[in-house]
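Enquirer: Sequence and predicted model, in that order:
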Amino acid sequence: MKRAIPIFVVLAGLLVAIAVANPFFLEPAGFLAFLKRVAPLAILAAGQYFVIVSGEFDLSVGSLVTVEVVVAARLIDGDEAMTWPVLILLVVIGLLVGLVNGLVTTKLRVPSFITTLGAMLILSGAVFLWTGGAPRGALSQGFRVFGREGVWAVAILVVVVIAAVLLMRADFGRTLVAAGDNEKAARLSGVRVDRVRVFAFVLSGLSAAVAGILLGGFAGVSAQVGQSLEFQAITAVVLGGVVLGGGRGHVVAAIAGAFTLEALFTLLNLHGISGALEYAVQGVIIIAAVAVGGLRLPSLRLSPSKV
Amino acid sequence: MIALVANPTRAVYAALIATLAIGWALVAFDGGTFTLNDLVGIQQRSAALGIVAVGQTLAILAGSLDLSVAYLISLVSLIAAETMAGQTSNILTAVVVALGVSALVGLVNGVVITKLKVHAFIATLGVALVIRGVLDHLYDGPAGRVPVDFQQLGYARIGPIPVAAILWAAVAVGVWFLLRRTRFGHRVYAVGGDVEVARLSGVRTDRVVIAAHVLCSLCAGVAGLLLASRLGAGAPTVGTDGGYDLESIAAVVLGGTALAGGRGGVAGTVGGVLLLAVLDSVFNQLEVNSFFKDVVRGVVIVVAVAVYARRTGRRAS
């Protein structure tokens, strides 16, 4: 958890800076709006965390979010009665995609970068093949309520955070980190490495389904809804001090990374830094954050108290 | 068949020939013909991706990877086209400036990865975002003008062979020579295989990784010049529209180079790029839906890597 301290300091600093620039942020409505905006990315970051800490990548979540929203719009097509069946279907799709990613990565031994890159192509190709190139249909009000109403979005976010923390405290979490830290050692000590990794991918797929449901309500139906979300989620996780390659980092810090990224966007907007330069600032900050994290590591290693 | 699969490079060329043959048959069955012109078209279309992928091979062999190439290509196309401003006399300056910027971006990538110890994925993603910010800030659409003389690079042919394909071949042969026949090449394999072992054997590993990134970015720069010559102008989306970042990595891996570094080579990458291009061309002939193409491409990449993994895995165990 020691690695996670810097991200909370940075996040607190950003939140204070936002509050100074825009006092509305401190009012419940203002803060709720912020939480609602963060929720999808925070949930994706939690899912991506499981995969990254086990030593893998999931590049398919962005397309998966798009698939979820487009499928929902076409199947619901404005019909309220379809809301719940489709919600269940979306969750099943997320779980299935995660399962396939996990099985291909572990059983066929394809590097996850390639597996999920392939999944990214297949998913976005398949869904637009099905809808004829552009999203069709419409979401029902009952569906949109999850992403649109701040209370729902926050409730879902809280459930996800609690579930993620509980999972990481359970045997699953410890074996997952062990698998990412030293696969061979974990295998020799009886960890079913493949099984925990597949489960991590399934969780990532599930998180994309939930994020898709929220984004569909929040942002509406478009072909670009999930674009580059996979990179944002990975960035958030890494900002939280989780090491690419696995074995180190805390899930709460990864989620805090998502909050930090979104707070950064909010602050840049408040200070009128144009949408264009926003990317440049984001790029510099990501590199700087990881570089500082990397430089800190040796000093931590020297202290004997480090577990 | 086993002997074919044993060597990923041979496997990808076998797959290439098989795809050509099957594609030929399918197109013929469909009532079309697959002519020499189509083959030339394949080379022309794949030249830009091919050049980027050859550079990407260097980065990946050294145990790194480069996600910034797509935005760099756009940036280079704009810098080149604006410097040329339609004047033939400016071509040399423009090429020098464009390649200089590319080398600088590669240097930044390499230094951030080695000296600041940032994971290559994050380092090059960050650099990509920085370039994207600059692009979005400075340009709204196509800019600059490429003189007719320079457009020859994109469209001219020597006999039946497009100049672009010759350029690609030259880059590929150059990098192949560098990797197989020079000390630098051996060091790239050593560093990609195991950084610590390379360091302990006296290789200055940081320098090797930085050089690999500079060369990778230079290749992206050449691809940017090629695309500018084809468009007749620079465009801020030419790199990302082509998906050159992930596509080039996919082509490298399809060619049998291990994503973890240290194993593979340029010959495989060239095969990988051609395989993707032939698939594309066959689908175009059959007038297959472009989304279906994406699905097939995804499946092909994953299946190919699964086949390679089967071989290497058996040898390891």
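Expert: Done, it's in.

Enquirer: what's the pLDDT at the closest residue to chain A within the stretch 51-200 of chain B?
Expert: Closest residue of the stretch 51-200 of chain B to chain A, C-beta to the nearest C-beta: B:Gly133 (2.7 Å). Yep, even glycine has a C-beta here, placed from its N, CA and C like the rest. Looking at B:Gly133, its pLDDT reads 91.

Enquirer: near chain B, which residues of the stretch 51-200 of chain A?
Expert: A:57, A:59, A:104, A:108-111, A:113-115, A:117-122, A:124-126, A:128-129, A:133 (C-beta under 8 Å from any C-beta of the partner chain).

Enquirer: The most centrally placed residue in chain A and chain B, how far apart?
Expert: In chain A, the centroid-proximal residue (C-alpha atoms, centre = their mean) is A:Leu44; its distance is 1.7 Å. Remark: distance between A:Leu44 and chain B (C-beta to the nearest C-beta, to the nearest Å) = 16 Å.

Enquirer: For the residue in the stretch 201-307 of chain A that chain B sits nearest to, which non-adjacent residue is spatially closest?
Expert: Closest approach of the stretch 201-307 of chain A to chain B (C-beta to the nearest C-beta) occurs at A:Ala280, with a separation of 2.7 Å. Among residues not flanking A:Ala280 along the chain, B:Gly133 sits closest, at 2.7 Å (C-beta to C-beta, 6 or more residues apart in numbering or on different chains).

Enquirer: tell me which parts of the stretch 151-300 of chain B are close to chain A?
Expert: B:246, B:249-250, B:253, B:259-260, B:289, B:291-295, B:297-299.

Enquirer: For the helix or strand that contains B:Ile17, buried residues please.
Expert: B:Ile17 belongs to helix B:8-29 when elements are defined using DSSP states H and E. For helix B:8-29, the neighbour count (16 or more other C-beta atoms under 10 Å in any protein chain shown) marks B:8-13, B:15-16, B:19-20, B:23-24, B:27 as buried.

Enquirer: from these, which is closest to B:Leu226?
Expert: Using C-beta to C-beta, B:Leu16 is the member of those that lies nearest B:Leu226, at 22.5 Å.

Enquirer: In contact with the spatially closest residue to the closest one that is not a sequence neighbour, which residues?
Expert: Once flanking residues are discounted, B:Leu16 sits nearest to B:Leu275: 4.9 Å by C-beta to C-beta, 6+ apart. By C-beta atoms under 8 Å, 6 or more residues apart in numbering or on different chains, B:Leu275 lies in contact with B:12, B:15-16, B:19, B:254, B:300.

Enquirer: Can you add distance to A:Leu89 and pLDDT and give those back as TSV?
Expert: Listed next are these as TSV, based on distance: C-beta to C-beta, whole Å; pLDDT from 0 to 100:
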residue	distance to A:Leu89	pLDDT
B:Val12	38	85
B:Ala15	36	84
B:Leu16	40	87
B:Thr19	36	84
B:Leu254	33	90
B:Val300	28	90
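
Enquirer: Mind checking which of the residues of the stretch 51-200 of chain A next to chain B are buried?
Expert: Buried among those (16+ other C-beta under 10 Å): A:57, A:59, A:104, A:108-111, A:113-115, A:117-122, A:124-126, A:128-129.

Enquirer: For residue 88, grab the count of nearby residues.
Expert: Defaulting to chain A. Using other C-beta atoms under 10 Å in any protein chain shown, A:Ile88 has 10 other residues around it.

Enquirer: I was after chain B.
Expert: B:Thr88: 11 neighbours (other C-beta under 10 Å).

Enquirer: and if you look at B:Ser46?
Expert: For B:Ser46, the tally of surrounding residues (other C-beta under 10 Å) stands at 24.

Enquirer: State whether it and B:Gly271 are indeed in contact, as I suppose.
Expert: No: the criterion here is C-beta atoms under 8 Å, and B:Ser46 misses it with B:Gly271 at 11.1 Å.

Enquirer: List the residues that contact A:Phe172.
Expert: The contact partners of A:Phe172, by C-beta under 8 Å, 6+ apart, come to A:196, A:199.

Enquirer: ok so, going back, list just the nearest of the buried residues of helix B:8-29 to B:Leu39.
Expert: Nearest member of these to B:Leu39, counting by C-beta to C-beta, is B:Leu20, at 8.8 Å.

Enquirer: Now name the helix or strand holding B:Ala211.
Expert: B:Ala211 belongs to helix B:205-231, assigned by DSSP H and E.

Enquirer: and that helix, what does it pack onto?
Expert: helix B:36-61, helix B:69-84, helix B:91-114, helix B:148-155, helix B:163-181, helix B:183-193, helix B:195-200, helix B:238-241 (3 or more C-beta pairs under 8 Å, 6 or more residues apart in numbering or on different chains; DSSP states H and E).

Enquirer: Can you list the buried residues in the third one?
Expert: If I follow you right, that is helix B:91-114. Using 16+ other C-beta under 10 Å as the test for burial, helix B:91-114 gives B:91, B:94-95, B:97-99, B:101-103, B:105-106, B:108-114.

Enquirer: Report the mean confidence score over that helix.
Expert: Here helix B:91-114 scores 97 as its mean pLDDT.
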